[in-house]
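Peer 1: Requesting a structural model of the entry that follows:
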Amino acid sequence: MSAATRPSRTAVLVFAKAPEPGQVKTRLVPALGEGPAAVLAARLARRTVAEVTRAGLASVTLCATPDTRHPFFELLQRHHGVALAKQGGGDLGARMHRALAVALCEHDAAILVGTDIPGLLAADLVRAAALLEDGADAVLGPAEDGGYWLIGLRRSDAFLFDDMSWGGAEVLAETRRRMDARSMRVACVAERWDVDRPDDLVRLAADATLATLLAGLRPVPAA
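Peer 2: Numbers count the residues shown, from 1 in each chain. As a prediction, the model looks like this:
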């Protein structure tokens with residue numbers, strides 16, 4: 001039975017932050033304002049969860065911060081049937097490693113994504129799961145800024161996440177070096193870009209399929 005037809009044993013984790021004004025997308029606040037930036041963060045999260053659940057993998061868990069009780073997370077749970085879990089403490093690397101390790105206690109593989117990638121597609125998740133289920137130890141989704149937007153593993157290793165300069169341009173390269181040091185078989189899915197800075201809003205507005213994410217928000221400043 002091929003990976004495309006056999007039941008998936010891959011879990012998906014979506015890391016999301018509660019869309020509170022002034023607490024999310026802070027680098028977009030000068031261009032949008034606190035409220036609209038939070039609205040955009042919520043729309044990106046909803047789009048991500050919709051695409052992830054459309055992939056039809058074994059399970060989807062929304063890993064929330066600061067906790068799971070925010071009405072937005074409860075709304076996503078009701079509409080999409082996702083499980084909710086708290087990210088917990090520690091830096092981003094510690095939280096990612098912990099979430100993946102927990103998921104791998106019950107699944108053969110696990111994939112983790114954030115909510116900042118407007119071009120994420122269900123097909124990306126299906127492809128990543130197939131690569132893992134066909135023998136890759138790890139799958140990475142390269143990001144244009146030098147990081148990665150997706151990581152999939154069949155075993156989680158704290159070495160891949162400890163003392164990483166998250167947000168830096170060398171995250172992907174350093175992760176690949178660490179995976180090579182562990183003799184891991186690594187595969188990649190499509191490169192994507194994230195919405196993080198004012199210039200990204202111009203790019204978002206120029207994409208006919210994604211511009212609706214900005215509907216009703218303050219006009220994007222000229223490039």
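
Peer 1: Tell me which residues touch Leu28, please.
Peer 2: 37, 40, 195-198, 201 (C-beta atoms under 8 Å, 6 or more residues apart in numbering). (Glycine included, C-beta is placed from N, CA and C.)

Peer 1: switch to 7 Å and redo it
Peer 2: Contacts for Leu28 (C-beta atoms under 7 Å, 6 or more residues apart in numbering) come out as 37, 40, 198, 201.

Peer 1: OK, contacts around Gly56?
Peer 2: With contact set as C-beta under 7 Å, 6+ apart, Gly56 has no partners.

Peer 1: three-state assignment of it?
Peer 2: Look at Gly56: counting by DSSP: H, G, I helix; E, B strand; the rest coil, its state is coil.

Peer 1: How about the backbone phi and psi for it?
Peer 2: Phi and psi for Gly56, reported as degrees, to the nearest 10, are phi 70, psi 30.

Peer 1: and the two most separated of the contacts of Leu28?
Peer 2: Pairwise distances among these were taken by C-beta to C-beta; the largest, 11.8 Å, belongs to Leu40 and Pro198.

Peer 1: So between the two, which is more surrounded?
Peer 2: Neighbours per residue, other C-beta atoms under 10 Å: of Leu40 and Pro198, the larger number sits with Leu40, 22 against 15.

Peer 1: what helix or strand is that one on?
Peer 2: helix 34-54 (DSSP states H and E).

Peer 1: Check which helices and strands whichever helix or strand comes after that helix sits against.
Peer 2: Next along the chain after helix 34-54, taking DSSP H and E as the criterion, comes strand 59-65. If you count contacts as 3 or more C-beta pairs under 7 Å, 6 or more residues apart in numbering; DSSP states H and E, strand 59-65 packs onto strand 10-17, helix 34-54, helix 71-80, strand 83-86.

Peer 1: what's the span of stretch 172-192, first residue to last?
Peer 2: 13 Å (C-alpha to C-alpha, to the nearest Å).

Peer 1: So what pairs up with Ala143 in the strands?
Peer 2: Arg192 (DSSP bridges).

Peer 1: ok, it - contacts?
Peer 2: Residues in contact with Ala143 (C-beta under 7 Å, 6+ apart) are 149, 191-194.

Peer 1: For those, pick the one with the most neighbours.
Peer 2: Ranking those using other C-beta under 10 Å puts Trp149 first, with 25 neighbours.
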